[in-house]
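1. show me the folded form of this:
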Amino acid sequence: MAEKLFTLVGTSTHKGESTYRFATGKVSTRHGVLKRNGHTDIAFQEVPAPGMTKEQGIAFLNQQGIHAKLPTSSKKPAEVVQVAPAVLTAEQQKAARNAKRKADRAAKKAAEAAATVQEPETLAEEPAQEPVQIGAEGEGDAREMERAIREYEQTHPQA
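-> The predicted model follows:
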């Protein structure tokens, strides 16, 4: 029986453990299923046609510096899986290099964007003003209050 070929390879983190993920179909579909089941840091990549075996997919990710564990199923006991070093084709190696370059550029761009975020200007401290006395305690003179409000609005223009 021929080994199954996958068109998507990637990783996700579930319960603090990062594992390799393999799928066929659409990235958005698989991403949604994993997210719904509590996975975080989900990252998939489409691989060149006709697809890759799990071993080739792991080699593809490792060549990009992406490392994780093989997933285990809660339905069956964990098996010791021997992963033989896979040999990637020239096209797969090129795709891995291009994916790594693309990820590096995105990380560099994000770091540059984070470094250029401007800190808000600090407001110049205004001298403390004496509180405005408006009539006697409990008494409110409406004209005096209106004058105080106008004075405040003139000395504190809104941005």
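
2. who's in contact with the nearest residue to V9 once chain neighbours are set aside?
-> The shortest distance from V9 to any non-neighbouring residue, by C-beta to C-beta, 6 or more residues apart in numbering, is to G57 (3.7 Å). From N, CA and C alone the C-beta is placed, and that goes for glycine too. By C-beta atoms under 8 Å, 6 or more residues apart in numbering, the contact set of G57 is 6, 9, 20, 22, 47.

3. the first one contacts G51, correct?
-> Yes - A contact is recorded between F6 and G51 when judged using C-beta atoms under 8 Å, the distance being 5.4 Å.

4. intersection of neighbour lists for these two?
-> Contacts common to F6 and G51, judged by C-beta under 8 Å, 6+ apart, are T24.

5. burial check on V47, number of neighbours?
-> V47 has 25 neighbouring residues, counting by other C-beta atoms under 10 Å.

6. who's in contact with it?
-> Contacts of V47 were listed using C-beta under 8 Å, 6+ apart, and they are 6-9, 57, 60, 92, 95.

7. how does this protein divide into domains?
-> According to automatic domain parsing, the chain comprises the domains 8-114, 130-159.

8. okay, the ones you listed, which one's buried deepest?
-> Ranked by mean neighbour count, the domains of the chain are led by domain 8-114 with a mean of 14 (mean count of other C-beta atoms under 10 Å).

9. distance between the ends of it?
-> Its start and end residues considered, domain 8-114 measures 30 Å (C-alpha to C-alpha, to the nearest Å).

10. mind telling me what element the residue nearest to the spatial centre of the chain is part of?
-> By C-alpha atoms, centre = their mean, the chain has its centre lying nearest to D41, at 7.2 Å. Here D41, judged by DSSP states H and E, is contained in strand 40-46.

11. which other helices and strands contact that strand?
-> strand 8-14, strand 17-23, helix 27-36 (3 or more C-beta pairs under 8 Å, 6 or more residues apart in numbering; DSSP states H and E).

12. in TSV, list those along with mean pLDDT.
-> Converted to TSV, the helices and strands packed on strand 40-46 look like this (pLDDT from 0 to 100):
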stretch	mean pLDDT
strand 8-14	92
strand 17-23	91
helix 27-36	91
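
13. just send these back as CSV, with distance to G65 too.
-> What follows is those, written out as CSV (distance: least, C-beta to C-beta, whole Å):
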stretch, distance to G65
strand 8-14, 12
strand 17-23, 13
helix 27-36, 20
